[in-house]
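J.: need coordinates for the below:
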Amino acid sequence: MDKKTWWVFGDTSEYAGHIINRLEQNDNTVVERFNRSNTDYSNPAGFLDDIENKELPDRIFFNANIQANDFDYGKPIVDQYETYRAWLEQFQIGFWFKLNLLEYLKDKMNGVFIFSSSGIALDQTINKDCKLYRLLRASELQLMYTYHGHDNFVVCGACVSDMTNETKEHYASIVAQHMIEDRFKLNGIYTIFNDGNTEPHMVFKPRGWVEIGSTSR
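T.: Numbering: from 1, shown residues only. Sure, this is the predicted structure:
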């Protein structure tokens, strides 16, 4: 396995810390760490100026949490405009940063960009009470699809949506091992599959879980 260089966004979370530790234990090198203490996500132009003379890494893990609360689904949505407005404000900041970062990288980076994301946007008949969260993850999925086809540049996502505090380190080790073995090859969502019958493992998720189940029977 070739050893890779990494940039990590959102490195201060416990989950990201577990991944970084696993990468470094396997001779991968995290050369840059970006978080709110050194990165203004509301100013992508300034950030791109700052990295202009930096050597780009082999891989990027984007774990930055730029989002606000979803609706309270115990209340009418029509009464929650302020929640929507606050969510939209954060969404605009986050999407604008991600879009401009990928636009900058697409012709410069030969490697893999991995969002810490979710495959929930692919699910058609389940997980309905998280409309704003679905929209957030759908926007990342569309970025993965939009930048498909650029030579030697893969944009994908790693989903750990059913992760708990108890499984966090184990799930992080699964994602990290997928990274170390260089198995993020396709534009789209990779997710940890855990049906209780097999050990949790990472798979590519081309469709929603219900749709996958209906076609496999």
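J.: now do the strands in the protein.
T.: Along the chain, counting by DSSP state E, strands occupy 5-9, 29-34, 59-62, 111-117, 153-159, 188-193, 201-205.
J.: most distant residue from the middle of this protein?
T.: Farthest-out residue of the chain from its mean C-alpha position, per Cα atoms, centre = their mean: residue 79, at 30.7 Å.
J.: who are the contact partners of residue 119?
T.: Taking Cβ atoms under 8 Å, 6 or more residues apart in numbering, we find residue 119 in contact with 137, 157, 159, 161, 189, 191, 205, 208. (Each C-beta comes from the backbone N, C-alpha and C, glycine too.)
J.: looks like the fourth one contacts residue 191 (just checking).
T.: Yes: counting by Cβ atoms under 8 Å, residue 191 is a contact partner of residue 161 at 7.2 Å.
J.: quick one, which of these two is more surrounded?
T.: With neighbours defined as other Cβ atoms under 10 Å, residue 161 and residue 191 compare such that residue 191 has more, 22 against 15.
J.: report the contact partners of the nearest residue to the more buried one once chain neighbours are set aside.
T.: Using Cβ to Cβ, 6 or more residues apart in numbering and skipping the chain neighbours, the partner closest in space to residue 191 is residue 159 (3.8 Å). The neighbourhood of residue 159, defined by Cβ under 8 Å, 6+ apart, consists of 117-120, 189-192, 205.
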